[in-house]
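Colleague: sharing a sequence plus its predicted fold:
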Amino acid sequence: MNSTLPRPDLTARPHGLTVERMMKAPQEGVYRAWTEEFDAWFAEPGMIRMRAAVDEPYVFVTRHENELHPHHGRFLTLEPHRLVELTWVTGTAGTAGAETVVTVELEPSPGGGTLLRLTHTGFYDQAGVKRHENAWAQHVLPHLDDVLTATRS
């Protein structure tokens, strides 16, 4: 299902990134992590309001280097076990208040895992891209993979 509200206008903020990761978990588990179990791997437990439905707003808080970082947005597109697309807004150290778009595409991979392709667009500049590219590729997605692998064991 796609959003009925207007999509963010990213024309003045053309910078973005794409990272891929082979996840050990099946598509269903990865999709569920992004739509139902966000505080099991990303948000601080108990510091989230999220209901995965198109056009529904969400808010959550993360902790990084002992500081709290609020995030908010809304779901744009949901295709079970295949696609999650949401707006993503954070403060100065993140998107600098820009309404960016995170698109998570899930494809089956051999052996029951999932190819996760994450595209994050709408940054003001390449500095924001670099910060997020490193965070997604080196920290967030590996942590998600570890959490999903541990829960399957």
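Modeller: Looks like it came in fine. All of these numbers come straight from a predicted model, not from anything done at the bench.

Colleague: point to the residue nearest the middle of the protein.
Modeller: In the chain, the centroid-proximal residue (CA atoms, centre = their mean) is V102; its distance is 5.6 Å.

Colleague: pretty sure it sits in a helix.
Modeller: No: counting by DSSP: H, G, I helix; E, B strand; the rest coil, V102 falls outside a helix, being strand.

Colleague: distance of L115 relative to E44?
Modeller: Applying CB to CB, to the nearest Å, the value for L115 to E44 is 28 Å. For the C-beta atoms, the positions are set from N, CA and C on the backbone; glycine is no exception.

Colleague: so those two - more neighbours on which side?
Modeller: Counted by other CB atoms under 10 Å, L115 and E44 do not tie: L115 has more neighbours, with 16 against 13.

Colleague: and that one, helix, strand or coil?
Modeller: Relying on three-state DSSP, one would call L115 strand.

Colleague: contact partners for the closest residue to it other than its chain neighbours?
Modeller: Distance criterion CB to CB, 6 or more residues apart in numbering; nearest residue to L115, sequence neighbours excluded, is E107 at 4.4 Å. Counting by CB atoms under 8 Å, 6 or more residues apart in numbering, E107 touches 27, 82, 114-115, 117.

Colleague: ok, P110 next?
Modeller: Residues near P110 by CB under 8 Å, 6+ apart: none.

Colleague: just checking, next helix/strand downstream of the lengthiest strand in the chain?
Modeller: As assigned by DSSP state E, the longest strand anywhere in the chain is strand 67-79. Once strand 67-79 ends, the next helix or strand along the chain (criterion: DSSP states H and E) is strand 83-88.
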